[in-house]
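Participant: Have a look; sequence and predicted model below, questions after that.
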Amino acid sequence: MRGGSRKGLVYSIIAIMLFSLLVVLTLSQSALLNTGERSTVNKLSSDFMISFVSTVDRDYDKALDVSSRRAIVSAVNHMINGTILPDAEATLEELITNGTINGTAEPLMDANTISYWLSNMQARGLAAGLDVKLQMANFSVSEYDSFDLLMNATISLNVSSPGTRASVSRILHKSAVVSIENFTDPFYSFETAGLIPRTISISPYSNYSAHLVSGQNASGAVTGWTAFAANNAAAWAIANKSAKILVVVNGSAINSTTQSLFAAVVTELNVSLSAANYLNGAAGAVSRLPDGSYAFLDATSRALWNKTALDRLDDTINEEYYVASSGGPGFLDRLELHFNNTRVYGLETIVSLPELQDKSLPAYSNTTLVDYLYFQNATVAGKGVRGLYYTWFKVDAAHEALYGVTAANRTLTT
């Protein structure tokens with residue numbers, strides 16, 4: 001066995017080495033000891049066995065984590081190489097416990113399985129003069145949430161010391177939550193013929209809600225920071241007006257000269273405005289808009305949008321983030337090449353149209369770019385979102401709310 005292949009499951013055995021000599025010496029002299037001395041030997045043996053059990057319990061966590069991560073990589077590689085896994089849970093369980101897929105050994109699992117670890121720990125206990133029995137009692141793989149897998153493992157441990165009455169029995173149960181972040185998405189790689197591998201990166205954003213307020217009439221397309229004023233004097237006192245979107249109840253209270261100094265004017269009442277960029281009839285604007293928020297006024301949708309939220313969506317597209325999804329296939333579903341969520345938790349990402357075009361893969365311009373819908377049949381219609389940097393982005397109606405594109409589709413244009 002190569003030394004490098006053992007590197008993943010090298011465990012702490014210092015305690016075992018320290019106690020083993022003591023056990024051998026005390027056992028060899030046990031026939032000459034009186035009752036009190038034998039009690040002391042039994043106590044030493046018991047302490048040693050408890051120390052051994054603690055070492056097993058502690059290293060069990062590391063063994064489960066290392067073997068789980070290597071099993072995920074092995075399963076993903078198997079899928080990417082063209083073999084769809086019919087039962088992802090069973091495959092991962094087989095890899096973690098035995099290091100095989102359908103009985104065929106996976107090189108990455110060499111000396112990194114739970115079975116190997118159990119044998120290794122048992123051998124070390126025997127070498128230290130203990131009778132050790134370590135067995136796998138139960139193992140299962142399931143979803144924990146959209147971005148984590150749950151590994152449940154139970155082993156039985158029986159330790160006794162020859163020549164003494166000391167023995168220890170334990171049922172050790174471990175639950176390891178293993179993140180799928182930074183692993184390759186097998187579904188995306190498979191669907192792009194391995195030409196565009198994508199690493200799962202979780203979106204840091206929990207909210208993409210972009211719509212702020214709608215109006216009746218609008219002009220222009222401009223971004224700026226919202227500022228509030230009750231009258232012309234208050235508006236005139238606002239600094240850096242060219243970068244501000246003035247929000248007022250009654251736009252008639254602001255004279256034309258003052259209006260022209262702002263990037264845009266938003267008024268609750270439906271009154272005529274002289275500003276080049278404006279939104280009027282925006283009921284509730286003063287109470288609904290946070291002062292100093294970064295906003296995008298869009299005449300086409302006759303609405304004011306949260307530009308920070310739109311920037312988050314741009315960042316999600318650019319960074320190829322994944323988001324939790326009720327309909328998208330989860331990680332286990334992706335190993336099985338399902339085009340939707342067949343379990344409990346799902347995820348999705350946005351397909352990069354320029355990447356597909358660059359690799360001469362099918363690129364559909366009017367189709368939603370939500371990955372599982374795009375790769376499924378490329379017939380689900382999508383429309384672009386105004387105010388985004390990535391003008392090629394398209395989203396279907398069912399995903400508007402998830403990505404903050406609401407207000408009766410008025411922000412969407414073909």
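Facilitator: Thanks, I have the structure now.
Participant: does Pro354 belong to a helix or a strand, and which?
Facilitator: helix 353-358 (DSSP states H and E).
Participant: What is that helix packed up against?
Facilitator: The helices and strands touching helix 353-358, judged by 3 or more Cβ pairs under 8 Å, 6 or more residues apart in numbering; DSSP states H and E, number zero. From N, CA and C alone the C-beta is placed, and that goes for glycine too.
Participant: contacting residues around that helix?
Facilitator: Contacts of helix 353-358 from elsewhere in the structure, counted by Cβ atoms under 8 Å, 6 or more residues apart in numbering, are Thr192, Ile196, Pro362, Ala363, Ser365, Leu369, Trp392, Phe393.
Participant: again with stretch 296-311
Facilitator: 207-224, 245, 264, 266, 277-279, 282, 285, 289, 293-295, 385-388, 404, 407, 410-411, 413.
Participant: Stretch 131-143 now?
Facilitator: Residues from elsewhere that reach stretch 131-143, judged by Cβ under 8 Å, 6+ apart: 52, 56, 88-89, 92-93, 96-97, 114-115, 118-119, 121-122, 125-126, 149-162, 171, 330-332, 343-345.
Participant: Type out the ChimeraX command that picks the buried ones from the residues you listed.
Facilitator: To isolate the buried subset of these in ChimeraX, counting by 16 or more other Cβ atoms under 10 Å, use the following:
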select :52,56,88,89,92,93,96,97,114,118,121,122,125,149,151,153,155,157,159,160,161,330,331,332,343,345
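Participant: any idea how far Leu92 is from Ile245?
Facilitator: Separation of Ile245 from Leu92 (Cβ to Cβ, to the nearest Å) stands at 52 Å.
Participant: now do Ala397
Facilitator: 36 Å.
Participant: swap in Thr184?
Facilitator: Thr184 is 15 Å from Leu92, by Cβ to Cβ.
Participant: Quick check: nearest residue in space to Asp314, chain neighbours excluded?
Facilitator: The spatially closest residue to Asp314, leaving aside those adjacent along the chain, is Tyr389, at 4.8 Å (Cβ to Cβ, 6 or more residues apart in numbering).
Participant: what about that neighbour, how many residues close to it?
Facilitator: 12 (other Cβ atoms under 10 Å).
Participant: what helices or strands is the strand or helix carrying Tyr116 leaning on?
Facilitator: Element membership for Tyr116, per DSSP H and E: helix 114-127. Judged by 3+ Cβ pairs under 8 Å, 6+ apart, helix 114-127 is in contact with helix 14-28, helix 35-80, helix 88-98, strand 131-145, strand 148-160.
Participant: Specify the beta-bridge partners of the closest residue to Leu126 other than its chain neighbours.
Facilitator: Excluding the flanking residues, the one nearest Leu126 by Cβ to Cβ, 6+ apart is Val132, at 5.8 Å. Applying DSSP bridges to Val132 gives these bridge partners: Val159.
Participant: still on that earlier bit, correct me if wrong: the residue nearest to Asp314 contacts Thr316.
Facilitator: No: using Cβ atoms under 8 Å, Tyr389 makes no contact with Thr316, being 11.7 Å away.
Participant: Surely Gly82 is in a helix?
Facilitator: No: assigned with DSSP: H, G, I helix; E, B strand; the rest coil, Gly82 falls outside any helix and is coil.
Participant: wait, what's in contact with it?
Facilitator: Contacts of Gly82 by Cβ under 8 Å, 6+ apart are Phe190.
Participant: Show the pLDDT at Glu400.
Facilitator: At Glu400, the predicted lDDT confidence score is 90.
Participant: go on, Val168?
Facilitator: 86.
Participant: repeat for the one 4 residues further on
Facilitator: The score at Leu172 is 93. That number is its pLDDT.
Participant: Just give the closest residue to it, not the sequence neighbours.
Facilitator: Leaving aside its sequence neighbours, Leu172 sits nearest to Ile155 (Cβ to Cβ, 6+ apart; 5.2 Å).
Participant: The one you found bridge partners, please.
Facilitator: The partner residues for Ile155, given DSSP bridges, come to Met136, Leu172.
Participant: same thing with Ala264?
Facilitator: Ile245.
Participant: Surely it touches Thr226?
Facilitator: No: with contact defined as Cβ under 8 Å, Ala264 does not count as touching Thr226 (9.7 Å).
Participant: Point out where the chain drops to low pLDDT.
Facilitator: The model of the chain has pLDDT under 70 over residues 1-45, 163, 406-414.
Participant: Domain boundaries for it, per the record?
Facilitator: If you go by automatic domain parsing, the domain ranges for the chain are 3-178, 216-301, 309-413.
Participant: Next up, the contacts around Val249.
Facilitator: Neighbouring residues of Val249 by Cβ under 8 Å, 6+ apart: Ala230, Thr267, Glu268, Leu269, Val286.
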